[in-house]
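Chemist: My questions concern the predicted model and sequence given below.
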Amino acid sequence: MPLDPETFDALLGTIRRFVAERLRPLEARVAEEDEVPAEIVAEMRAMGLFGLSIPEEHGGLGLTMGEEARIALEFGRTTPAFRSVFGTNVGIGSQGLAMAGSDAQKREWLPRIASGEIVTSFALTEPGAGSDSAAVQTRAVRDGDVYRLSGSKRFITNADKASLFTVMARTGGEGARGVSAFLVPADLPGVSVGRPEKKMGQQGAHVCDVNFDAAPVPAANRLGEEGEGFRIAMRVLDRGRLHIAAVCVGIMERLIADSVAYAAERRQFGKPLAEFQLVQAMIADSKTEAMAARALVLDAAARKDAGEPITLDAAAAKYFASEAVGRVADRAVQIFGGAGYVADYGIERFYRDVRLFRIYEGTSQIQQLVIARETIRNGG
């Protein structure tokens, strides 16, 4: 059930002020130090941000997809690293458990995930399995009351902070039907996490390798039945793609506002940049794309909340929004000119940050395949 409008508006206002007054002033520091300050993480816990999507009976806020998307829009107006702090708890790190977990699993884990006591992580990608996510080679072999988990995962968001991984591992033959899902505590023997990768952008949000060396995962920690892991992963990604698309919209709106403010102030040839028609054209293109992306996201979120299948809608929203935010960021650099290329204004940082959105939660090319497949299946 959605929150009553007054309560949700109060939450949205609190988050808007938090982003503007607490997070935006720290953007350059986070980029330089590659770390979100501990006091900010504590404030996020106190605000309930780690439990936005987790049901109220398990200690979360139980937001609808539409409400979650509007929160993600607000966090798009600052560096993506801040949202990433709680993003895996809200999305891919918890939703497999929320959707497919047993009552006992939910009681054990979800309240601590919602409070932020536990940080979760989603371990699907491998050195040899990225877009071809059904090709995972990490293997879980049944040994009495445990599964012996062996293999390696790559580019796992929040892995160095995580206490609990949702891991996709092969329990059967090749292909999607041989993959199962497991809840794997980070402190199990045989679980190790590599150093954070040096990245092009999104400093402060860490990705690492995670290695499993015959880690003894209790059989009670399997999500669903054997062979259901790939289906669980795809359901999780539908929601995650909508969330990321909403973040992209928020970043577009932030970049447009910054570009308009700079164009109104910066003067060339005796008048503000905003009076030049070719600058106006870039602003118009960016605004139109942001409005279209927002409409796609909110429509898809409404369909999900109505119980409709949204695989096509989520893929289309993520594809369009992640591609559009790259174009908007490029135009912002162009409008700022030399100032957009240097670090002082933060525009070049966003230019690098947004590039990842076209890759994770499924590349743009994977989204195209999903969109085409679903459209053909539905007869156009």
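Modeler: Perfect, thanks for sending it.
Chemist: only C-alpha atoms for contact and neighbour calcs from this point on.
Modeler: Will do.
Chemist: mind checking which helix or strand the closest residue in space to T311 that isn't next to it in sequence is in?
Modeler: Nearest non-adjacent residue to T311, counting by Cα to Cα, 6 or more residues apart in numbering: D238, 5.8 Å away. Using DSSP states H and E, D238 falls within helix 229-265.
Chemist: contact partners of stretch 167-177?
Modeler: Contacts with stretch 167-177, where a contact means Cα atoms under 8 Å, 6 or more residues apart in numbering, come from 122-124, 134-141, 149, 178-184, 226-230.
Chemist: 6 Å instead, please
Modeler: The list of residues contacting stretch 167-177 from outside it, by Cα atoms under 6 Å, 6 or more residues apart in numbering, reads 123-124, 134, 138-140, 178-182, 227, 230.
Chemist: How about stretch 140-151?
Modeler: Contact partners of stretch 140-151, identified using Cα under 6 Å, 6+ apart, comprise 138-139, 169-171, 211-219.
Chemist: Likewise for stretch 238-249?
Modeler: Stretch 238-249 is contacted from outside by 69, 72-73, 76, 91, 290, 311, 314, 318, 321, 325, using Cα under 6 Å, 6+ apart.
Chemist: Just the ones of the contacts of stretch 140-151 in strands?
Modeler: Among those, the members falling in strands (DSSP state E) are 139, 169-170, 211-218.
Chemist: Would you format the residues you listed as JSON lines with pLDDT and distance to A306 included?
Modeler: Supplementary listing: the ones in strands among the contacts of stretch 140-151 in JSON lines, determined by pLDDT from 0 to 100; distance: Cα to Cα, whole Å:
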{"residue": "R139", "pLDDT": "97", "distance to A306": "37"}
{"residue": "A169", "pLDDT": "96", "distance to A306": "32"}
{"residue": "R170", "pLDDT": "96", "distance to A306": "34"}
{"residue": "N211", "pLDDT": "98", "distance to A306": "39"}
{"residue": "F212", "pLDDT": "98", "distance to A306": "40"}
{"residue": "D213", "pLDDT": "98", "distance to A306": "43"}
{"residue": "A214", "pLDDT": "97", "distance to A306": "43"}
{"residue": "A215", "pLDDT": "98", "distance to A306": "40"}
{"residue": "P216", "pLDDT": "98", "distance to A306": "40"}
{"residue": "V217", "pLDDT": "98", "distance to A306": "36"}
{"residue": "P218", "pLDDT": "98", "distance to A306": "36"}
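Chemist: List only those of these flagged as buried.
Modeler: When burial is judged by neighbour count using 16 or more other Cα atoms under 10 Å, the buried members of those are 139, 169-170, 211-212, 214-218.
Chemist: how about the strands in the stretch 101-250 of the chain?
Modeler: Using DSSP state E, counting those that start in this stretch, the strands of the stretch 101-250 of the chain run over 120-123, 139-143, 146-157, 164-170, 179-185, 191-193, 207-218, 222-223.
Chemist: Packed most tightly, which of the ones you listed would that be?
Modeler: Between those, the one whose residues have the most neighbours on average, counting mean count of other Cα atoms under 10 Å, is strand 120-123 (a mean of 28).
Chemist: The least confident helix or strand in the chain by mean pLDDT: which residues count as buried?
Modeler: In the chain, no helix or strand scores lower on mean pLDDT, DSSP states H and E than helix 95-100, which sits at a mean of 92. For helix 95-100, burial by neighbour count (16+ other Cα under 10 Å) applies to 95-98, 100.
Chemist: Identify the residues contacting it?
Modeler: With contacts defined as Cα under 6 Å, 6+ apart, helix 95-100 is touched by 224, 236.
Chemist: likewise stretch 365-376?
Modeler: Here stretch 365-376 makes contact (Cα under 6 Å, 6+ apart) with 312, 315, 319.
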